[in-house]
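K.L.:
Predicted model and sequence below, questions to follow.
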Amino acid sequence: MDLTLEDGHLSVCRLDADTSWPEPGAPGIWSVTRTADELSVVCPQGQEPDGARVEPGWRVFRVAGPLAFDLVGVVASLATPLANAGVGIFIVSTFDTDLLLVKEADIDRALSALRSAGHVVHGT
C-alpha cells in the first residue's frame with residue numbers, strides 16, 4: 001500500500017453518549033462517532049471538545065485512495081506488521097480511504113514495520 005505520513009498531531013477523545021455533537025473548529029481531520037456508550041471524537045490536537053477525556057499525541061498515516069469497498073485486507077495488511085512490532089493503532093475509515101493513527105512515540109517502529117512489510121511511506 002502507498003501511505004502518506006501527515007503533518008501535525010491528533011487527539012482521540014471520549015465524551016458521554018448524550019453529549020451534543022461537537023462543531024469542528026480548525027481545519028484538519030475530524031471524525032465523530034456516536035454509539036450507545038460514548039461519543040468518540042478524533043480531532044486536531046489543541047481542538048479537543050470541552051469536558052472530553054483526551055488521548056493526545058497521535059500521528060496519521062493516510063492510505064492512498066480512493067479504495068474500492070470490495071477491496072479486502074487493507075487494514076489487516078497494516079495492522080499485522082504493526083502488532084508484530086508492538087505498535088498500538090487507532091483506525092478511522094472514510095468513504096475513500098483509511099487513516100491509521102499511531103502514537104508519536106511509536107513512529108520510528110511503525111515506519112520500520114510498515115516498510116519491512118512492503119508498504120511505501122511518503123512524507124517522512
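P.N.:
Received the coordinates, thanks. Numbers count the residues shown, from 1 in each chain.
K.L.:
Any stretches of this structure with poor pLDDT?
P.N.:
By pLDDT under 70, the low-scoring segments of the chain are 66-69, 71-73.
K.L.:
Which parts of it are strands?
P.N.:
2-5, 10-15, 31-34, 39-44, 53-63, 90-93, 98-103, 120-122 (DSSP state E).
K.L.:
could you redo these as CSV and give each row mean neighbour count?
P.N.:
Any C-beta I mention is one placed from the backbone N, CA and C, and that applies to glycine too. Converted to CSV, these look like this (neighbours: other CB atoms under 10 Å):
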stretch, mean neighbour count
strand 2-5, 17
strand 10-15, 21
strand 31-34, 14
strand 39-44, 21
strand 53-63, 18
strand 90-93, 15
strand 98-103, 21
strand 120-122, 13
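K.L.:
can you redo the ones you listed as TSV with distance to Trp21?
P.N.:
Listed next are these as TSV, based on distance: least, CB to CB, whole Å:
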stretch	distance to Trp21
strand 2-5	29
strand 10-15	10
strand 31-34	6
strand 39-44	8
strand 53-63	17
strand 90-93	17
strand 98-103	20
strand 120-122	33
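K.L.:
I appreciate the help and will end here.
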